[in-house]
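1. Pasting a predicted model and its sequence here:
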Number of protein chains: 2
Amino acid sequence: MSDATDPSATGSIRTIDVIRKKRDGRELSRAEIEYLVRGYTAGEIPDYQVSAWLMAALLRGLNRTETAALTDAMLHSGQVLDLSEFPAAKIDKHSTGGVGDKTSLVLAAVAAAGGLVVPMISGRGLGHTGGTLDKLESIPGFQVGLSIARFREVLRACGCAMIGQTAEIAPADRLLYSLRDVTGTVESPYLICASIMSKKLAEGIGGLVLDVKTGSGAFMKTEEDAAFLAELMVETGERMGKKVVALITDMDQPLGLRVGNALEVEEVIDVLRGEGPEDLRELCRELAAWMFRLGGRSATIADAKKLSDEMIQSGRALEKFRQMVALQGGNASAIDDPKLLPRAKRALDVTSPRTGYVGAIQCEAVGTACVILGGGRAKKEDSVDPAVGIILHKKVGDRVSVGEPLCTILYKDETRAAHANQLLARSYQIADSPPAPGKLIRRIIPADAN
Amino acid sequence: MSDATDPSATGSIRTIDVIRKKRDGRELSRAEIEYLVRGYTAGEIPDYQVSAWLMAALLRGLNRTETAALTDAMLHSGQVLDLSEFPAAKIDKHSTGGVGDKTSLVLAAVAAAGGLVVPMISGRGLGHTGGTLDKLESIPGFQVGLSIARFREVLRACGCAMIGQTAEIAPADRLLYSLRDVTGTVESPYLICASIMSKKLAEGIGGLVLDVKTGSGAFMKTEEDAAFLAELMVETGERMGKKVVALITDMDQPLGLRVGNALEVEEVIDVLRGEGPEDLRELCRELAAWMFRLGGRSATIADAKKLSDEMIQSGRALEKFRQMVALQGGNASAIDDPKLLPRAKRALDVTSPRTGYVGAIQCEAVGTACVILGGGRAKKEDSVDPAVGIILHKKVGDRVSVGEPLCTILYKDETRAAHANQLLARSYQIADSPPAPGKLIRRIIPADAN
């Protein structure tokens, strides 16, 4: 019952007091939040004090001022890129993660083709969700671990570049995320917001389009939770002088028809060729339009959608993608000949037990099935097999006959395939009549965005 | 957002799941609680996971079953003393801590003189409160660091022994308390209950009298908080088959007239001689009576009080105290000649600024003044000066004239004395009329105890 043994008291702020203040539901000052982030990043405040604080922050919440201060402190824990050498608007896009969500690859190419600069720093798959870096690495030779200097060169050469988090960018976030991951403190909208926004704002961008997923395959299962997080991120970005818009979009079923790293790159190429599944094309078009709108490339969203369509129809987006792949060491021939991408040779159909309509797909289970096949990570240290995955033949609302394939599993290991088969069979719910059609884009925040 | 990197998953229970379950306000199973305590004590679960759990437990609370399971797991993290060699009832007493609270020293002697066995494992002063071990060590030569074997020998020889926590007894509590101290997770009634009860029940006792302090000098400032903790401890003890009673007692002003280690031993000797201040004598009599009642030495509380009086009037309690001091290496002559106890030579009176009545004494400030003089610990590592302290001349309700001494500071260092003087002067509130008299014993739990 003493403050005596605080190992990390420095100056006038003491760690124990910052923990207690949040524990008791009181508002922390900017100085207290900076003290905590700086001290932890410098290794002066031990893990066990920060994890207690994280749990208090999760359970007591942070208000908007505290959330912005935390984001700012994490952002400034490392280098903030200065991209002022590029006269064009710097706009990025971020998704909170889902199953079959490969829009980032399409968007970087479309936006850069349309005159924006897209300095995209992405993550890896974790849990049931896929990761942009894993998808890119399924292209033979593609390097995501570029230095900041090389990242700039690629941006200069083609207007978009896609890399992984580096030691220079928001080191506090990497430390905090690792700690949150093992202390049950991931699932806080405030901490999620600070984590995402600190990394993205360190990219030196002027605007950000957020794709906040909701549904059975998303981290935010309800639209309310997704909207809460979206509003938090939009406000935090605006407080920091950035243009931010968030789209709440459907993740009640996988996006597109392909789940698995190389399979998803194939689908990206389809979309860049003006083909591919309707839902994926529509979402890419919407997100690209918002990127153009925030970047001042179009006066209205309708115009921005036309610009996006033009970039695809003209082949300029596909050319941009090919160029980026080559600049980052990837085999650009694979873009024109997707057979050069890895693909597992063995295939197994999951068939419908009866005739009817697909009423629902338990989307997280589809993501988990892909992880089981080896296409994702059960543990952070796991390596990912780019060649395995799932091709969906039926999605929600589709008519299906008994014995007809619902999806096809591409696999290497029989036991894993059997396990994935079970999971996928259970994840499809077959109904007598088609369900009411769902909306792909549920909400746009702020509501007066245009 | 993955469970992947949990460093401490073993068997079917995973640390991360136990943290999340408590974070989400769900009830933990006995197995989950045992897993956590055992894993932490064995060094298998890292500090940072346990501190997140502690914060979740503090903010979400534990129910009675969980509190008992936590107590039990901590109790069994080490050795539980088997005192079955002693035919007499083994009864102990514990106080939640206050200012001038020296009852343990009186009670061990009175209870042992009356035929009970008192295997008392005590703590040191922390924060503004004094500690039994520090008081005992002010007797020249007194050893509190006995081995368990020597502890038994002293018990065998005189029926009472008073030592500090050893490595064998409830090691989980020592580890958890150190972590709570630096992570803002001390102030939880559930964790306080488990900490106190695990240590006390490891003593191999049959019954326990709890003195739960409330007021401006206690950790539980309100009677409601004190009663909540008391009920929790009584129920936890009863669930483990022990006889437990709790007295909620006043700590709105110091107990007795002396605060400071050697000064308090002097007052203990006064009480054992049938002298000393009325409030201290009354509380000792009440607590001793409950010890005799739980130990089956008296059929009623009235009889038990008579037995306590008899032990003092006959000199048997004083003789028991003298015997224990000698057995534990202390200079027993000091009991008969308190001038042999250390006492600071310099004295400073704190005088009343006006004529009136003492309306209130800010009790925590008196404890803090004693710490400032060197008589307590600001940090765990600090050593304690047994010779300094405060002698109160006026207590709440007493009439006082302008310029009359309220208390006297015994000190060694001028600067510290000046600081203590300021604090003490402010802690006395002088009113025009006497306040309504307060009750020393506020409540007895369970209410039907007899």
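-> Structure's in. What do you need?
2. Show the contacting residues for residue A:407.
-> With CB atoms under 8 Å, 6 or more residues apart in numbering or on different chains as the criterion, the residues that contact residue A:407 are A:349-350, A:390-394, A:424, A:428. All C-beta spots, glycine's among them, are computed from the backbone N, C-alpha and C.
3. In CSV, list the C-alpha atoms belonging to the strand or helix carrying residue A:246.
-> In the assignment (DSSP states H and E), residue A:246 maps to strand A:243-250. Provided in CSV are the C-alpha atoms of strand A:243-250 (Å, rounded to 0.1, in the frame of the first residue of the first chain):
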residue,chain,number,x,y,z
LYS,A,243,-8.5,14.0,-44.1
VAL,A,244,-10.0,10.7,-43.0
VAL,A,245,-13.1,8.9,-44.1
ALA,A,246,-14.2,5.5,-42.9
LEU,A,247,-16.4,3.0,-44.7
ILE,A,248,-18.2,0.3,-42.6
THR,A,249,-18.3,-2.7,-45.0
ASP,A,250,-19.6,-6.2,-44.9
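4. Each with direction, which strands does the very next helix or strand once past that strand pair with?
-> Following strand A:243-250 in sequence order, the next helix or strand is strand A:258-259 (DSSP H and E). Looking at strand A:258-259 with DSSP bridges, its partner strands are strand A:389-392 (antiparallel).
5. Now tell me what touches the partner strand from outside.
-> The contact list for strand A:389-392 (CB under 8 Å, 6+ apart) reads A:254, A:257-264, A:344, A:366, A:369-370, A:373, A:375, A:406-410, A:420, A:424.
6. re earlier: show me which of the contacts of residue A:407 are buried.
-> Buried members of the contacts of residue A:407, scored by 16 or more other CB atoms under 10 Å in any protein chain shown, are A:350, A:390-394, A:424, A:428.
7. what pLDDT does the residue nearest in space to the middle of chain A get?
-> Nearest to the mean C-alpha position of chain A, by CA atoms, centre = their mean, lies residue A:95 at 3.4 Å. For residue A:95, the pLDDT comes out at 96.
8. Isn't it up against residue A:213?
-> Yes. Residue A:95 is within contact range of residue A:213, at 6.5 Å (criterion: CB atoms under 8 Å).
9. okay, and the common contacts of these two?
-> Residues touching both residue A:95 and residue A:213 (CB under 8 Å, 6+ apart) are residue A:101.
10. from the chain's centre, how far out does the strand or helix carrying residue A:347 sit?
-> Here residue A:347 sits within strand A:346-351, counting by DSSP H and E. From the chain centre to the centre of strand A:346-351 is a distance of 29 Å (CA atoms, centre = their mean, to the nearest Å).
11. Counting neighbours, which bits of whichever helix or strand comes after that strand end up buried?
-> The helix or strand immediately downstream of strand A:346-351 is strand A:356-361, counting by DSSP H and E. Buried positions in strand A:356-361, judged by neighbour count with 16+ other CB under 10 Å: A:356-358, A:360-361.
12. other SSEs contacting the helix or strand hosting residue A:50?
-> Assigned by DSSP H and E, residue A:50 belongs to helix A:47-60. Here helix A:47-60 touches helix A:15-23, helix A:30-41, helix A:171-183, helix A:189-201, helix B:15-23, helix B:47-60, helix B:171-183, going by 3 or more CB pairs under 8 Å, 6 or more residues apart in numbering or on different chains; DSSP states H and E.
13. Of all pairs in the buried ones among the contacts of residue A:407, which one spans the longest distance?
-> Pairwise distances across the buried ones among the contacts of residue A:407 (CB to CB) peak at 14.0 Å, for the pair A:391 and A:428.
14. which regions of the stretch 301-450 of chain A sit below the pLDDT cut-off?
-> Along the stretch 301-450 of chain A, segments meeting pLDDT under 70 span A:450.
15. Let me know how buried residue A:268 is, in neighbour terms.
-> Counted with other CB atoms under 10 Å in any protein chain shown, the neighbours of residue A:268 add up to 29.
16. leaving aside the residues next to it on the chain, what's closest to it?
-> Spatially, and ignoring its direct neighbours in sequence, residue A:268 is nearest to residue A:105 (4.4 Å; CB to CB, 6 or more residues apart in numbering or on different chains).
17. Leaving out chain neighbours, which residue sits closest to the residue nearest to the centre of chain A?
-> residue A:211 (4.1 Å).
18. Get me the contact residues on the stretch 201-350 of chain A for chain B.
-> Where the stretch 201-350 of chain A comes near chain B, counting by CB under 8 Å from any CB of the partner chain, the residues are residue A:219.
19. Nearest to chain B: which residue in the stretch 201-350 of chain A?
-> residue A:219 (5.7 Å; CB to the nearest CB).
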